[in-house]
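>>> return a 3D structure for these sequence lines:
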Amino acid sequence: MRMKNIFLMLILQIFFVSFFIKCDNATEPKEIRGTVTGAVKNVLPGDGSIIHPAYIFLEDSLIATTNESGEYAIYSIEQGSYLLICSSLGYRDTTTQVQVVGGKTVTHDFYLTPDSSTGRIYGEFQDMTLFNNNLETNPSMAEWDDEQIFASVTGATIQAKTLMYDVPDRKVFLGDSLLAITDGFGQYWIEIQCGTYCITGTCEGYKDAMQVIKVLPDTRVYVNFFLYREAAAKLTLR
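Predicted coordinates:
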C-alpha cells in the first residue's frame with residue numbers, strides 16, 4: 001500500500017512539472033519579425049557594378065535606401081510575404097516577392113535594367129494652414145485632385161502674391177539631389193527618368209513634406225506639396 005502511494009506521488013509530481021513547463025513555454029514570446037538585406041546591382045551581363053542611390057519601396061512607403069556600397073537593410077519587419085519595389089534614376093523599376101522569416105535574416109539582391117525613358121512631374125507648393133482655412137469658404141476644394149489644385153486658385157499657394165512678402169526658395173529634392181526650384185508662382189516641373197521615387201518639398205519656415213510618386217514613360221503626373229508652418233516661423237500676413 002505504501003509503495004502504491006509513493007508511486008502515485010511520483011506520477012503526480014511528473015504531471016505537475018510537465019504542466020508548468022508547457023505553460024511556461026506557452027507564455028514565451030514568439031519571434032515574428034525578421035530582417036531583409038541585400039545589394040542593388042546592374043543587370044547587364046559582365047557588369048556587376050553596384051547601384052547607389054537606390055530605393056526600396058513597400059506599396060507607397062519608402063522603407064530602405066542603399067548605402068555607398070549599394071547595400072540595403074530592412075530591419076524588424078513582420079514575417080510574411082511582401083512585394084518590394086526597387087528603383088533608381090536611370091534604371092527600370094524591379095518588383096520582387098520576398099518571404100520574411102521571423103527571427104532570421106533573408107538575403108535578396110536586386111538587379112536593375114538601364115532605362116532612358118522619361119516622364120514629367122508638375123506641382124505647386126501650398127501653405128497647409130491657409131489651405132485648411134480656405135476650405136471653410138470653398139469646401140469643394142477638398143475634392144480637387146492634384147491637377148485641379150495646380151491649375152486653379154486655392155488662395156494658399158506659397159508665393160509672394162499670397163503671403164505678401166518675398167518667399168524663400170521652394171525646392172524639390174530626391175535624396176540629397178536638387179531636382180527643381182519653383183518659379184515665382186510656387187510652381188515647378190521636372191523631366192525625370194521613369195521610376196518610383198520619394199521626393200521632398202522644402203521651404204524655409206516650413207516643415208519638409210515627402211511624396212512617393214511613380215513616373216511612367218511619356219506621361220505627366222501632378223504632385224503638390226502641402227507644407228505646415230514651423231512653430232517658430234514668423235509667417236503672419238501683412
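
>>> tell me where the model's unsure across this structure.
For the chain, applying pLDDT under 70 flags the ranges 1-31, 46-48, 232-238.

>>> do that again at 80, thanks
Scanning the chain for pLDDT under 80 picks out the ranges 1-31, 45-48, 231-238.

>>> okay, domains of it per the record?
As recorded under automatic domain parsing, the domains making up the chain are 33-112, 118-227.

>>> could you dump these to JSON lines with mean neighbour count?
Bear in mind the C-beta positions are built from the backbone N, C-alpha and C, glycine included. Supplementary listing: the domains of the chain in JSON lines, determined by neighbours: other CB atoms under 10 Å:
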{"stretch": "domain 33-112", "mean neighbour count": "16"}
{"stretch": "domain 118-227", "mean neighbour count": "17"}
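
>>> pull up the distance across stretch 213-220, start to finish.
Taking CA to CA, to the nearest Å as the measure, stretch 213-220 stretches 11 Å from start to finish.

>>> same question, stretch 179-196
End-to-end distance for stretch 179-196: 15 Å, by CA to CA.

>>> any idea how far the residue nearest to I50 when sequence neighbours are not counted lies from C86?
Among residues not flanking I50 along the chain, G70 sits closest, at 2.7 Å (CB to CB, 6 or more residues apart in numbering). Note on G70: its distance to C86, by CB to CB, to the nearest Å, is 11 Å.

>>> what touches both of these two?
V40, A54 (CB atoms under 8 Å, 6 or more residues apart in numbering).
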